[in-house]
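Colleague: Okay, here's the prediction I keep looking at, along with the sequence it came from:
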Amino acid sequence: MSEKPMRLTVLRIGNVDAEAVQHVLHGLSQAFPEVVCNLSESGMSVPKEAYNQARSQYHSTRILAKLIGHVGKLGVNIVLGVTALDLYVPGLNFVFGEAHLPGKVAIISLFRLHPEFYGQSADKQLFYDRAVKEAVHEVGHALGLGHCKNPLCVMFFSNSILDTDRKKSKFCEKCSVLVAGFVGKRDC
């Protein structure tokens, strides 16, 4: 009797660049070849209660709380929300993403991944590469991985966009072994 494969769905939150979402989906399929990755046809509206007017940002933990309801609706193991909103958690100026560790939901923000945000020339490939790295990183957290000390591993903590640019979109050898174990143990 064969086990059902783990299923991951990407869910758009608000208005999101469709091409970037396709790159994220492809990158997730490459990083997690044993996981069935798909894009939800429906999206999710931005939860009004997540907006912090004083910061002009959105509290990512509050969005994750809304995302959890989509896991059962979509019949998947993990939902990755992708948004163009500027996200934060208390105590930090911003976050590129957040996930329940381990858990069933994660979110990434495309807002600070555009080179133009840093006064650089537009570079779609760099933008897409950054989006994939952040997506793989947050799904890694949802699977149960913590941060890695290897600065080239996708699970290395990105304190700035320079950290994101330096690291690869792949797991180091140590984290690859852990991911394989986590994927094999998830309830499907």
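Modeller: That came in fine, so what should we check first? Numbering: from 1, shown residues only.
Colleague: how much space between Gly75 and Ile13?
Modeller: Going from Gly75 to Ile13 by Cβ to Cβ, to the nearest Å gives 19 Å. (Each C-beta comes from the backbone N, C-alpha and C, glycine too.)
Colleague: Over to Gly91?
Modeller: Between Gly91 and Ile13 the distance, using Cβ to Cβ, works out to 22 Å.
Colleague: Same question for Ser45.
Modeller: The gap separating Ser45 from Ile13 is 8 Å, by Cβ to Cβ.
Colleague: quick one: which of those two has more around it?
Modeller: Neighbours were tallied for Ser45 and for Ile13 using other Cβ atoms under 10 Å; the higher tally belongs to Ile13 (23 against 8).
Colleague: Which pLDDT value goes with the residue lying closest to the more buried one once chain neighbours are set aside?
Modeller: With sequence-adjacent residues excluded and distances taken as Cβ to Cβ, 6 or more residues apart in numbering, Ile13 is closest to Thr83, at 4.0 Å. Reading off the confidence values, Thr83 has pLDDT 98.
Colleague: Give me the residue at the spatial middle of this protein.
Modeller: Ala135 (3.1 Å; Cα atoms, centre = their mean).
Colleague: give me every residue that touches that one.
Modeller: Applying Cβ atoms under 8 Å, 6 or more residues apart in numbering to Ala135 gives the contacts Val10, Val24, Gly27, Leu28, Leu80, Val82, Gly97, Ile108.
Colleague: From those residues, which land in helices?
Modeller: When DSSP state H defines the helices, the subset of the contacts of Ala135 inside them is Val24, Gly27, Leu28.
Colleague: Neighbour-wise, give me the winner out of those.
Modeller: Each of the ones in helices among the contacts of Ala135 was scored for neighbours by other Cβ under 10 Å, and Val24 scores highest at 27 neighbours.
Colleague: quick one: that residue from Glu173, how far?
Modeller: When Val24 is compared with Glu173 (using Cβ to Cβ), they lie 24 Å apart.
Colleague: Report the mean confidence score over the helix or strand where Gln125 lies.
Modeller: Element membership for Gln125 (DSSP states H and E) is helix 124-143. For helix 124-143, the mean pLDDT works out to 98.
Colleague: Which parts of the helix or strand that it is followed by count as buried, going by neighbours?
Modeller: Moving toward the C-terminus from helix 124-143, the first helix or strand encountered (DSSP H and E) is helix 161-166. Burial within helix 161-166, assessed by neighbour count using 16 or more other Cβ atoms under 10 Å, is assigned to Ile161, Thr164.
Colleague: mind listing the strands for the protein?
Modeller: With DSSP state E, the ranges of strands along the chain come out as 7-13, 36-39, 51-52, 57-59, 78-83, 87-88, 97-99, 105-109.
Colleague: any weak-confidence spans in the protein?
Modeller: Low-confidence regions of the chain, defined by pLDDT under 70, span residues 1-2, 184-188.
Colleague: show me the contacts for Leu126.
Modeller: Under the criterion of Cβ under 8 Å, 6+ apart, the neighbours of Leu126 are Pro115, Asp165.
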